[in-house]
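K.L.:
Provide a 3D model corresponding to the input given below.
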Amino acid sequence: MMLDISAAFRSPGEAIPFVHMERLPDADILGEVVTFPESAVIKGTFSLMDDTLDIKGKLTVPAQAVCARCLSPVTHPVSVKFHESFLRLDPRDEVEDDPWEEKLVFSGHRVDLSGLANSLAVLELPIRFLCKQDCAGITTGPTGEDPDSNEDTSDDSHPFGALRQLYTKLQEE
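P.N.:
Below you'll find the model as predicted:
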């Protein structure tokens, strides 16, 4: 969705308050899918000076993923303050696309905040989602039994069977 900035052209330099809603796409973070079930809310002010649109405010959106330890669903509130400047782009001018340079640009009386909102939300996500700080992780195996209950078996076909035997031997000594 586009933010209408027509008021900034009528009152250059004046901070104009706004509230903007933006749907964010699902994000694939290192193979884990993070969803944004509600629209992101961007509240703030914008002002226009010459060819620069200055936008500052706060983005809030809930993010949903699974706990890194127990795989239960987790909702994490994302809240980030920002201050960005957009440069006016004249559609008649030819612009060189530099893949290494990120520019926030606008033309006309509307500005697209989708890329900014998506970047802000993804960069503010935690490295690991946890349902609670002291999550014990998965406590039962797929058969419903405690995976630690069969620790005494020494299965050589298990990839860590030799390490388990060595660990047990060192503990006995």
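K.L.:
the strands in this protein, which residues?
P.N.:
Taking DSSP state E as the test, the strands found in the chain are 2-4, 16-22, 27-29, 32-34, 40-49, 52-66, 73-88, 105-106, 110-112.
K.L.:
for these, which one sits closest to P159?
P.N.:
strand 32-34 (23.8 Å; C-beta to C-beta). For the C-beta atoms, the positions are set from N, CA and C on the backbone; glycine is no exception.
K.L.:
and the closest one, what does it pack against?
P.N.:
Contact partners of strand 32-34 among helices and strands, from 3 or more C-beta pairs under 8 Å, 6 or more residues apart in numbering; DSSP states H and E: strand 27-29, strand 52-66.
K.L.:
hmm, back to that, can you add mean pLDDT and mean neighbour count and give the strands of the chain back as JSON lines?
P.N.:
Below are the strands of the chain laid out as JSON lines (pLDDT from 0 to 100; neighbours: other C-beta atoms under 10 Å):
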{"stretch": "strand 2-4", "mean pLDDT": "89", "mean neighbour count": "15"}
{"stretch": "strand 16-22", "mean pLDDT": "95", "mean neighbour count": "15"}
{"stretch": "strand 27-29", "mean pLDDT": "90", "mean neighbour count": "13"}
{"stretch": "strand 32-34", "mean pLDDT": "92", "mean neighbour count": "15"}
{"stretch": "strand 40-49", "mean pLDDT": "95", "mean neighbour count": "18"}
{"stretch": "strand 52-66", "mean pLDDT": "95", "mean neighbour count": "18"}
{"stretch": "strand 73-88", "mean pLDDT": "94", "mean neighbour count": "14"}
{"stretch": "strand 105-106", "mean pLDDT": "84", "mean neighbour count": "16"}
{"stretch": "strand 110-112", "mean pLDDT": "91", "mean neighbour count": "17"}
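K.L.:
now distance to S119 too, for those strands, in a markdown table please.
P.N.:
Below are the strands of the chain laid out as a markdown table (distance: least, C-beta to C-beta, whole Å):
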| stretch | distance to S119 |
| --- | --- |
| strand 2-4 | 16 |
| strand 16-22 | 12 |
| strand 27-29 | 11 |
| strand 32-34 | 14 |
| strand 40-49 | 11 |
| strand 52-66 | 10 |
| strand 73-88 | 9 |
| strand 105-106 | 15 |
| strand 110-112 | 12 |
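K.L.:
related to what we said a few turns ago, now the helices and strands packed on strand 32-34 in a markdown table, please, with extra columns for distance to E173.
P.N.:
Below are the helices and strands packed on strand 32-34 laid out as a markdown table (distance: least, C-beta to C-beta, whole Å):
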| stretch | distance to E173 |
| --- | --- |
| strand 27-29 | 44 |
| strand 52-66 | 41 |
